[in-house]
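> fold the stuff below for me.
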Amino acid sequence: MKLSKEFYRRSGLVVARELIGKKLVHITEEGTTAGIIIETEAYMGATDAAAHSYKNRRTKRTEAMFNDGGHAYIYLIYGIYMCMNVVANVKDVPEAVLIRALQPTDGIEIMKQRRNKQSLKDLCSGPGKLTQAMNINMSHYNMDLCGDELFIETTDLNLNIETTKRINIDYAGEAANYPWRFIAAPY
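Modelled structure (predicted):
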């Protein structure tokens with residue numbers, strides 16, 4: 001069953017933690033790919049120096065973050081990799097959750113072809129890897145995650161969750177140390 005709008009219309013910290021163990025699904029002409037979300041990071045908007053929307057910075061790039069929860073915020077990093085975020089909270093509260101890693105479950109052969117990799121562990125073990133494996137790109141920017149192409153489903157998994165500081169955000173001052181990264185243990 002797909003997650004409801006109400007699931008997403010909560011604090012990004014709550015959504016980030018509760019996305020662990022849910023299933024990200026992308027339906028394409030090539031076939032369906034999916035994986036269990038095993039790592040996320042929360043970005044808490046106006047007061048979070050690591051967030052693209054820090055100080056309510058509203059640009060063409062960040063506009064999707066100002067939508068209501070349950071939309072995709074996709075952006076390009078390092079000029080080559082796409083990153084997928086789930087917009088959280090209500091309209092004009094620009095919080096998002098970066099999907100950092102998946103455990104592939106469906107369409108694994110398609111993912112291997114897209115990534116030109118054979119190792120299951122290597123397919124979706126980073127935000128750029130998972131978007132490549134799942135064929136998520138800028139055409140999905142601001143897409144409604146309650147639609148029929150790109151969405152997140154409930155599961156009956158009950159995973160142990162570890163909390164750590166976020167990674168690769170040394171520029172963010174004290175915000176770099178906030179414990180807003182969530183990882184399914186023992187992945």
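> now for the protein, the helix or strand with the poorest mean pLDDT.
When the helices and strands of the chain are scored by mean pLDDT, DSSP states H and E, helix 120-123 comes last with a mean of 93.
> which residues are in contact with that helix?
Identification of contacts with helix 120-123 by CB atoms under 8 Å, 6 or more residues apart in numbering yields 104, 108, 111, 112, 115, 117, 129, 130, 133. From N, CA and C alone the C-beta is placed, and that goes for glycine too.
> which stretches of the chain form helices?
Along the chain, counting by DSSP state H, helices occupy 5-8, 12-19, 108-115, 120-123, 127-134.
> where among those is the average confidence lowest?
Taking each of these in turn, the one with the lowest mean pLDDT is helix 120-123, at a mean of 93.
> return the distance of it from the chain's centre.
17 Å (CA atoms, centre = their mean, to the nearest Å).
> quick one: buried residues of it?
The neighbour-count criterion (16 or more other CB atoms under 10 Å) identifies residue 123 as the buried residues of helix 120-123.
> the residue nearest in space to the middle of the chain - nearest residue in space that isn't next to it in sequence?
What sits nearest the mean C-alpha location of the chain, by CA atoms, centre = their mean, is residue 99, with 2.5 Å. Of all residues not flanking residue 99 in the chain, residue 84 sits nearest, at 5.0 Å (CB to CB, 6 or more residues apart in numbering).
> and residue 180, by the same measure?
Leaving out its chain neighbours, the residue that sits closest to residue 180 by CB to CB, 6+ apart is residue 42, at 4.2 Å.
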